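Trainee: No sequence on hand, only this structure:
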């Protein structure tokens, strides 16, 4: 039995314990102390453990990483309790439906929240990456997300799994949020001290938690994609192998009883998850900002942004790109805070659909003096409107560009950037572009400029990974160097080889650079050359490619496939000469199914879209492309792309939906869209 002395000693210890706890709660308000997670982490300082239980309690309560000093580069190492954390193998079984699409695997978030779902997919991904690395475990991986619902929980599960598999360095951006192009920049540039030039990066891959432009929140979408060692999206060979592993998985590794990493900890904070694996909280902006500064003259842009007559509105759509716009446009270029809207990331994107098009960026569209079809609102005077408007999507890689009362289609934007390469230091400093590429559904506006400028031009399937080989032809295959390189998709994606992803903010700075160059000879006080002036001059020189996209979202998958099968049977494999011209004189000329042979590695890709080629009554060409989108999480999206060329400048001011109305009606009649799908109108026209 205990002696009176022993009881007295224990009472003294308990009294001391109470006093220490009272002191802690005097500094940290009780509500905050309970709101913060109890990490069960111990300092890496020399604190002697007198009583393991009390030592863990006090250190977990007193050693929360500071919320201040977000840009500090100092390192603070913390470690999990060795007595409780352990690497374990968890039995599992294959889960159906884990085949990645053009941009990773996307499902409803509740699917991802199911038992073993994230872990099955990530374990299969890790095993595939190891195979691609010659059987060696990867050393350094970036893990980041766009901030959507379930972002942080998934990051924690992934970090534990990566550590359990033996990956030494796991880099996570502060707050767990980073835009897609910024992740690519980290992979390509970040070294041990956080800095680095392009090509010096140590990371061998990046796991991105994003469903891009798809909605977020309960009942909405979540996704995971993988970027390989050059910062490019994983190719089909990788994703096919990953899928095969998901069909055979029987277990995954993780760490049991491991406390969560504090994602809001100061930059440089490290967590020792296992004796050989460390999580480091990294600066989300540093490497990306270095990449942008290698492309643009920030001082010239700062001066232009301060000119009388220039103002700008940027819509972050509550996605990951918002904080990067704040960092670049406001902090670096000096634009006022009022230039930004919806730039605070929200897990449900503020209940909006974070796709930067005329439908979902409606508030920005109105601010720019535009109607929902992209035409100017005649009730507004353009001189009262912002000179430049732009928007990002959920993960910051897409962009919308508009001028005062003037919408720029993504295809035109790409062609304009190509034709004005002298305005962009990244291109001008080396004498111009060595290569350009567009996705097949994008308009041929880029092709016309590239031919006139004698620049090699490629037409690829949809999916940024197809641009990756071209951008890295020399780097990866010792082939022809196409850099500097410009590429883009009609779905509001534009980019260059400064990273290996499309980059919304890069496109915005490219347009600022074009405007700055166009106004070099304009005196202070005079009206500035605007976006509309630049684009209409371009049309006068090259002709206008009227362009529009109809999206039929959430179509029954069987019905969507029936539409495609009918086009294939009746027109691609049928006799188009038997199809009579419409009342408006539109004649179907031929039909083809697009396939692609990669000029860099020789790989072949088929079934990439059905193309109906027409001739207008004027003799000018037109085409309609039908394609099933691979970026949705439920049902199917049938996309119809409309394009017709017009060289008559007197017709260039017609809005695209009006100009393309007859072509759209003829195409829909031929493919019997309403009869097959039950849809009498598209969900979105953009």
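Mentor: Structure's in. What do you need? These numbers were taken from a predicted model, which means no experiment stands behind them.
Trainee: Note down every partner strand of the strand or helix carrying residue 545 and its orientation.
Mentor: For residue 545, the enclosing helix or strand under DSSP states H and E is strand 544-555. Sheet partners assigned to strand 544-555 using DSSP bridges are listed as strand 636-646 (antiparallel), strand 684-685 (antiparallel).
Trainee: So which of those is nearest residue 357?
Mentor: strand 684-685 (6.7 Å; CB to CB). C-betas here are computed from N, CA, C, even on glycine.
Trainee: Report the distance from the closest one to the chain centre.
Mentor: Here strand 684-685 shows a centroid-to-chain-centroid distance of 21 Å under the convention CA atoms, centre = their mean, to the nearest Å.
Trainee: ok, residues contacting it?
Mentor: The contact list for strand 684-685, computed with CB atoms under 8 Å, 6 or more residues apart in numbering, reads 357, 358, 359, 360, 373, 548, 549, 550, 551, 553, 657.
Trainee: Tell me the one of those nearest residue 506?
Mentor: The shortest approach to residue 506 among these belongs to residue 357, at 18.7 Å (CB to CB).
Trainee: rewinding a little: quickly, which of the strands paired with strand 544-555 bottoms out on average pLDDT?
Mentor: In terms of mean pLDDT, the lowest-scoring of the strands paired with strand 544-555 is strand 684-685 (a mean of 87).
Trainee: Now do the helices in the stretch 251-400 of the chain.
Mentor: Assigned by DSSP state H, counting those that start in this stretch, the stretch 251-400 of the chain shows helices spanning 286-293, 298-305, 321-325, 362-367.
Trainee: so of the ones you listed, which one's packed in deepest?
Mentor: When neighbours are counted by mean count of other CB atoms under 10 Å, the highest per-stretch mean among the helices of the stretch 251-400 of the chain falls to helix 321-325, a mean of 28.
Trainee: Distance check, the closest residue to residue 582 other than its chain neighbours against residue 516.
Mentor: When the adjacent residues along the chain are set aside, residue 582 lies closest to residue 666, with 4.5 Å between them (CB to CB, 6 or more residues apart in numbering). Remark: distance between residue 666 and residue 516 (CB to CB, to the nearest Å) = 43 Å.
Trainee: just the strands in the stretch 351-500 of the chain please.
Mentor: When assigned using DSSP state E, counting those that start in this stretch, the strands of the stretch 351-500 of the chain occupy the ranges 388-392, 399-403, 406-408, 435-439, 457-460, 485-489, 493-496.
Trainee: So which elements touch the third one?
Mentor: The criterion is 3 or more CB pairs under 8 Å, 6 or more residues apart in numbering; DSSP states H and E, and the helices and strands that strand 406-408 contacts are helix 531-542.
Trainee: mind listing what's buried in the helix it packs on?
Mentor: Buried residues in helix 531-542, counted by 16 or more other CB atoms under 10 Å: 531, 532, 534, 535, 536, 538, 539, 542.
Trainee: Could you do stretch 380-387 as well?
Mentor: With the criterion 16+ other CB under 10 Å, stretch 380-387 contains buried residues 382, 385, 386, 387.
Trainee: Equivalent analysis for stretch 514-534, please.
Mentor: Applying a neighbour-count criterion of 16+ other CB under 10 Å, the buried positions in stretch 514-534 are 514, 515, 516, 517, 518, 519, 528, 529, 530, 531, 532, 534.
Trainee: Residues contacting it, please?
Mentor: So stretch 514-534 is in contact with 300-301, 304, 307-310, 382-383, 387-388, 401-406, 408, 416-417, 420, 422-424, 511, going by CB under 8 Å, 6+ apart.
Trainee: Whichever of these end up buried, select them in PyMOL.
Mentor: For anyone working in PyMOL, the buried entries among those, judged by 16+ other CB under 10 Å, can be selected with:
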select buried, resi 301+304+310+382+387+388+401+402+403+404+405+406+408+416+417+420+423+424+511
